[in-house]
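got a predicted model here, sequence first, then my questions.
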Amino acid sequence: MTRRRLQEIGLVVVGVVTPIGILAVNAAAFVMRHLTEFRVGLAAAALVSGMLLNGLAAWAAIRFARRNAPLLYAEYRRVALAAAVLFVAVPSAISAYWTYLGLVDPGQLPNRWGVLASLGMLGLPFAVTYVDRRYLRRREVAAEREEQMEQGPPARARPRPR
């Protein structure tokens with residue numbers, strides 16, 4: 001990329017970021033001024049967001065159980081599904097309530113409850129998905145090793161001609 005092209009991109013970025021920043025500040029000021037009206041809507045959005053994120057994590061956990069313990073999962077399928085529903089509903093409801101509590105007074109923002117609710121909504125599903133993927137990768141590596149052991153030792157590589 002040429003120097004001139006980098007300068008053009010830099011000018012466009014500065015030119016676009018400033019109006020977007022002004023719009024964001026004005027939107028935030030409007031929300032702060034009308035916080036009591038937005039409070040229920042933001043709590044409802046927190047509930048929906050928590051249910052979506054936790055639902056993805058619960059789905060990954062159910063896939064994990066079905067894949068790694070199919071007989072146990074088949075026997076306790078209803079219990080697993082009930083646990084998944086609770087895993088989705090309870091943390092989502094708690095985070096929505098904490099969001100609602102955190103938006104009582106605009107003078108107290110940022111509020112501890114709102115920050116904790118947001119971190120919980122983000123952290124819990126990502127943690128479950130991370131553990132699932134990490135464990136899945138270990139199983140894949142173990143399966144590859146077993147496959148290599150069954151095939152026998154690798155053939156000696158021929159020296160490369162120079």
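Thanks, I have it.

flag every buried residue along the helix or strand hosting Met51.
Under DSSP states H and E, the secondary-structure element containing Met51 is helix 35-68. The neighbour-count check on helix 35-68 (16 or more other CB atoms under 10 Å) flags 35, 39, 42-43, 46-47, 49-51, 53-55, 57-58, 60-62, 64-65 as buried. All C-beta atoms are positioned from the backbone trio N, CA, C, and that covers glycine.

I'd like the next helix or strand past that helix.
The next secondary structure element downstream of helix 35-68 (using DSSP H and E) turns out to be helix 70-75.

what packs against that next one?
Identification of packing neighbours for helix 70-75 by 3 or more CB pairs under 8 Å, 6 or more residues apart in numbering; DSSP states H and E yields helix 35-68.

any idea which residue sits dead centre in the chain?
Ranked by distance to the mean C-alpha position of the chain (CA atoms, centre = their mean), the top residue is Phe126 at 4.3 Å.

so that one is in which element?
Applying DSSP H and E, one finds Phe126 within helix 112-151.

buried sites along the worst-scoring helix or strand of the chain on mean pLDDT?
Across the helices and strands of the chain, mean pLDDT, DSSP states H and E gives its lowest value to helix 112-151, namely a mean of 78. Going by neighbour count (16+ other CB under 10 Å), the buried part of helix 112-151 is Trp113, Gly114, Ala117, Ser118, Gly120, Met121, Leu124, Pro125, Val128, Thr129, Asp132.

packing partners for that helix?
With contacts defined as 3+ CB pairs under 8 Å, 6+ apart, the packing partners of helix 112-151 are helix 35-68, helix 77-102.

so where's the chain uncertain?
The model of the chain has pLDDT under 70 over residues 152-162.

contact partners for Leu136?
Applying CB atoms under 8 Å, 6 or more residues apart in numbering to Leu136 gives the contacts Phe64.

do you know how far it is from Ala142?
Between Leu136 and Ala142 the distance is 11 Å, computed by CB to CB, to the nearest Å.

over to Ala28?
Ala28 sits 50 Å away from Ala142 when distances are taken as CB to CB.

ok, now Glu8?
Glu8 sits 52 Å away from Ala142, taking CB to CB as the criterion.
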